[in-house]
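> sequence plus the predicted model coming up.
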There are 2 protein chains.
Amino acid sequence: MVKKLSILNKLRSSNLRPTKQRVEIAKFLFEREKTFHFTIESLAKSMAKKTSKEFALATIYNTVEAFKKAGHLSEVHLKGKNNRTYFDTNISNHHHFYDNETSELIDISENQIKFEKIPNAPNGKKIANVEVIINLKD
Amino acid sequence: MVKKLSILNKLRSSNLRPTKQRVEIAKFLFEREKTFHFTIESLAKSMAKKTSKEFALATIYNTVEAFKKAGHLSEVHLKGKNNRTYFDTNISNHHHFYDNETSELIDISENQIKFEKIPNAPNGKKIANVEVIINLKD
DNA sequence: GATTTAATTTAGAATTATTATAAACTAGAA
DNA sequence: TTCTAGTTTATAATAATTCTAAATTAAATC
Ligand SMILES: [Mn+2]
Ligand SMILES: [Mn+2]
Ligand SMILES: [Zn+2]
Ligand SMILES: [Zn+2]
């Protein structure tokens, strides 16, 4: 009940009508203890299993895009072995371990990395953010 | 003459037959003062202009992949606005500024960034390399 | 230099991720 | 309830990349 309400608030406050599909997806993404990473494909499968009916792929794409625009999701700008886009329910600034073998992403919190030296942005530009990807091997 | 030879050596030593197409591409990529970044599309256009005939796209893909496997090129694991893969003739460990507006990549040499603190790899894994992408804004 | 063979190139088809379209449906205002 | 704009859906379109099978070519062998 409490959880359901906070999801409705999250959607309403983002100007997203709480449709059945959005509520189901939001519950799956946000009603959990820990944040996680997913792809459109994995989310589509999860929703199909959870609700035992297929959501249109376009709905998955649209909803994820809408949540991203509303700031409820972030996109990991990384290009893995498989050419899929990763999304993240962790919307804070943070970094990642990436295991190219397993295509697994692991969070590194912002305070786990400190720079001793970092270059200035080129003339006329500013630094928007810094993303560190630590590629793993066996 | 000297340049042509080093290209032939580069190909032969990588077990790549120096075909007309590979030599043309290698000359374009490696016979220059500074390293640079490119996409398959930009390379295909460059080769078409340079030689005034179209290379099959599959040849461009195959050749870039072969050069990558042979260690003559690296791939930048970044996912830009446009969903294109970037390749880099700079094969040393280094970092990048990325301007999402212009889709431009700028090199940051390894020694321009120093870490004061960095996490250990998860159990059973090692760090293969660390990639820093500094996203730019206006 | 001609012959032979395996590697390579090529045009085009196939695949995959993503986006667009337009008709059917629905949340929420009136 | 009625109305309407927003949403979902199936499907088509697009775009990057990979596959295929036939034609070509590098280079080893005669
Ligand atoms: Mn790749
Ligand atoms: Mn995106
Ligand atoms: Zn994350
Ligand atoms: Zn570079």
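It's in. Ligands and ions are numbered 1, 2, ... in the order given.
> quick check: A:His77 touching B:His77?
No. The criterion here is C-beta atoms under 8 Å, and A:His77 misses it with B:His77 at 9.2 Å. For the C-beta atoms, the positions are set from N, CA and C on the backbone; glycine is no exception.
> which non-adjacent residue is nearest A:Pro119?
B:Gln112 (4.6 Å; C-beta to C-beta, 6 or more residues apart in numbering or on different chains).
> stretch A:64-75 vs DNA strand C: in contact?
Yes. Stretch A:64-75 is in contact with DNA strand C by C-beta under 7 Å from any atom of the strand, via A:Glu65.
> ok and the residue in chain A nearest ligand 4?
Using C-beta to the ion, the single residue of chain A nearest to ligand 4 is A:Pro119, 13.5 Å away.
> burial of that residue, as a residue count?
Number of residues near A:Pro119 (other C-beta atoms under 10 Å in any protein chain shown) recorded here: 15.
> how about A:Ala128?
15.
> quick check, it in contact with B:Asn135.
Yes. Assessed by C-beta under 8 Å, A:Ala128 is found in contact with B:Asn135 at 4.3 Å.
> shared neighbours, the two?
Listed as contacting both A:Ala128 and B:Asn135 by C-beta atoms under 8 Å, 6 or more residues apart in numbering or on different chains are B:Asn100.
> for B:Leu105, see how far away the residue nearest to A:Pro119 is.
Computed as C-beta to C-beta, to the nearest Å, the B:Gln112 to B:Leu105 distance reads 15 Å.
> who in chain A is up against ligand 3?
A:88, A:90, A:107 (C-beta under 5 Å from the ion).
> what's opposite the last one in the beta bridge?
According to DSSP bridges, the partner residues bridging A:Asp107 are A:His96.
> same check on the first one?
Partner residues in beta bridges with A:Asp88: A:His37, A:Ser74, with DSSP bridges as the criterion.
> what residues are up against it?
Counting by C-beta under 8 Å, 6+ apart, A:Asp88 touches A:35-37, A:73-76, A:105.
> okay, now the unreliable bits of chain A?
Residue ranges of chain A with pLDDT under 70: A:1-5.
> please identify which helix or strand holds the residue at the greatest distance from the centre of chain A.
Distance from the centre of chain A peaks at A:Asn123, with 31.5 Å (C-alpha atoms, centre = their mean). Here A:Asn123, judged by DSSP states H and E, is contained in no helix and no strand.
> got the contact list for it?
A:Asn123 sits in contact with no residue, where contact means C-beta under 8 Å, 6+ apart.
> list every C-alpha atom in the longest strand seen in chain A, with coordinates, as PDB.
Using DSSP state E to define each element, chain A has its longest strand at strand A:126-137. Written as PDB, here are the backbone C-alpha positions of strand A:126-137 (Å, rounded to 0.1, in the frame of the first residue of the first chain):
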ATOM      1  CA  LYS A 126      32.800  22.400 -19.100                       C
ATOM      2  CA  ILE A 127      33.000  19.100 -17.500                       C
ATOM      3  CA  ALA A 128      29.500  17.600 -17.300                       C
ATOM      4  CA  ASN A 129      30.500  14.500 -15.400                       C
ATOM      5  CA  VAL A 130      33.200  11.900 -15.200                       C
ATOM      6  CA  GLU A 131      32.500   8.200 -15.800                       C
ATOM      7  CA  VAL A 132      35.100   5.600 -14.900                       C
ATOM      8  CA  ILE A 133      34.800   2.100 -16.200                       C
ATOM      9  CA  ILE A 134      37.100  -0.500 -14.800                       C
ATOM     10  CA  ASN A 135      37.200  -3.400 -17.200                       C
ATOM     11  CA  LEU A 136      37.700  -6.700 -15.600                       C
ATOM     12  CA  LYS A 137      39.500  -9.900 -16.700                       C
END
